[in-house]
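Asks: Just the structure for this:
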Amino acid sequence: MKASLSETARVRLFITIGGVLIALFMIGDLELLPVELEAAYLTNRLFVQLPLVVALLAFTFHPRFPEFRQPAFLLTVMALTYANYYLIYLCWARAGFSFPYEGTLLYAFFGFFVLGMAFRYAVALMLFSSVGFSALMVAHPVYGNFTLISAGFVLASLFIGVIGRHRLDYLLGQLQAANEELVRLSTTDALTGLSNRRALMSESETLFAVLQRSEQPVAVFMLDLDFFKQFNDRYGHQQGDRAIRIQADLLRSVFRRQTDVLGRYGGEEFLVVAPGMSEPECRARAEEILRGWQAQALANEGSPGGCTLSCSIGICQGSASDFSSLNHVIHCADEALYQAKHGGRATYVFAASADHDRAPLAVARDAGVAS
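Replies: Next up is the predicted model:
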């Protein structure tokens, strides 16, 4: 059996096991029953209870089973329980035989913990099962002097089962919340709230593979704050952190599509992977970012010339199928960023060609937006 069964496949397996258990219990029950009750017992098990199990199993193949699984579990277990109550009644009425009530608990616990009934459905099952068993015990003293204590035992056991279901749901909810928080912490840059490098690369690789197969355009932006070390040294790490957050906010405001992948690549460097973006669109985004930094007008007196803080941008744009890998596109964008850094800063530079691994990188420098 495969280690990773789907949830629906697990449910089918559990339902099948439940049907097998009912069949196995028949062997033991027939040893205990008086001969005159065997026909009624077999009719109940073979033509009522087992068909209910088969019907539930068949329903798992319906496309809407995931939507209605919980009501289906409740109705099936309730029907099995009341079929068992009727069997208890028949055995008592026809032969004065006290048929064991343990099946009531087994069916309920199977629903609670094996099928994984949600808490509200578990409560409904407990109430309906308790009412039915109590009514049966009031109408017929099936267990003689032990009728009252038997009813109390069944009701208490069902209640404990529901409390156990609730406790399990609570613990599983806490575990899920903790796992989600761990995933968030492991994939999110704490300072900016953007994806960290690991998550950024993972999501970008997936996106690039899709674009490459479908031969769609891709644009990669590499962005780096200009003279950030001087800014950090002069104004302190708190202001440096603020500048990094400003860059992240600018990127969020410029790259608003759900398909855009953006994150902190490292230090003051950011990466954006934008699918389906044309060269004119790339220029517009780059200029919007540069204008955003102009509007911030953060003094950077420690930098050469005492300018305001700005950023440089390297862009590689082209058909994803023209590149050997995402790292190849990033390398081109990084080279373009290098050219922007050494060609005046506060500007953007395009990688001129995607004819890649052997040809030297050519770049087309744009005037950008003056700072």
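
Asks: hmm, who's touching stretch 142-157?
Replies: By C-beta atoms under 8 Å, 6 or more residues apart in numbering, the residues outside stretch 142-157 that reach it are 88-89, 92, 98-99, 101, 104-105, 108, 129-130, 133-134, 136-137, 141. No exception for glycine: its C-beta is placed from N, CA and C like everyone else's.

Asks: Which of those residues fall in helices?
Replies: The members of these that map onto helices under DSSP state H are 88-89, 92, 104-105, 108, 129-130, 133-134, 136-137.

Asks: What's the separation between the closest residue to residue 259 other than its chain neighbours and residue 110?
Replies: Here the nearest residue to residue 259 in space, its sequence neighbours aside, is residue 275; by C-beta to C-beta, 6 or more residues apart in numbering that works out to 5.2 Å. Distance, residue 275 to residue 110, using C-beta to C-beta, to the nearest Å: 49 Å.

Asks: Ok, residue 277 next?
Replies: Note on residue 277: its distance to residue 110, by C-beta to C-beta, is 55 Å.

Asks: Who has more neighbours out of those two?
Replies: Regarding residue 277 and residue 110, a neighbour count based on other C-beta atoms under 10 Å identifies residue 277 as having more, with 24 against 19.

Asks: A strand includes that one, no?
Replies: No. When classified by DSSP: H, G, I helix; E, B strand; the rest coil, residue 277 is found to be coil rather than part of a strand.

Asks: excluding its backbone neighbours, what's nearest it?
Replies: Once flanking residues are discounted, residue 277 sits nearest to residue 219: 4.1 Å by C-beta to C-beta, 6+ apart.

Asks: For the one you found, give the beta-bridge partners.
Replies: Going by DSSP bridges, residue 219 is paired in beta bridges with residue 274, residue 317.

Asks: Give me the neighbour count for it.
Replies: The burial count for residue 219: 25, using other C-beta under 10 Å.

Asks: One more: residue 43?
Replies: When neighbours are counted by other C-beta under 10 Å, residue 43 registers 12.

Asks: surely residue 110 meets residue 77?
Replies: Yes. Taking C-beta atoms under 8 Å as the definition, residue 110 is a contact partner of residue 77 at 7.2 Å.

Asks: Other residues contacting stretch 55-64?
Replies: Here stretch 55-64 has contacts from 8, 11-12, 15-16, 19, 65, 68-69, 72-73, 76, using C-beta under 8 Å, 6+ apart.

Asks: Now do that stretch, average pLDDT.
Replies: Stretch 55-64 comes out with an average pLDDT of 96.

Asks: ditto for stretch 192-208
Replies: 95.

Asks: what about the stretch 51-200 of the chain, any weak spots by pLDDT?
Replies: The stretch 51-200 of the chain contains no residues with pLDDT under 70.

Asks: buried sites along stretch 298-318?
Replies: 300, 303, 308-318 (16 or more other C-beta atoms under 10 Å).

Asks: so how far is the first residue of it from its last?
Replies: The straight-line separation of the ends of stretch 298-318 (C-alpha to C-alpha, to the nearest Å) is 34 Å.

Asks: Tell me the gap between the helix or strand hosting residue 263 and the middle of its chain.
Replies: Here residue 263, judged by DSSP states H and E, is contained in strand 261-266. Relative to the centre of its chain, strand 261-266 is centred 22 Å away, using C-alpha atoms, centre = their mean, to the nearest Å.

Asks: which residue sits closest to residue 239 in space, ignoring its chain neighbours?
Replies: With C-beta to C-beta, 6+ apart as the criterion, residue 239 has its nearest non-adjacent residue at 7.2 Å, and that residue is residue 231.

Asks: Nearest residue to residue 345 in space, ignoring adjacent ones along the chain?
Replies: Counting by C-beta to C-beta, 6+ apart, the residue nearest residue 345 is residue 226, at 4.3 Å.

Asks: show me what contacts the one you found?
Replies: Shown in contact with residue 226 (C-beta under 8 Å, 6+ apart): 300, 303, 307, 309-312, 341, 345-346.
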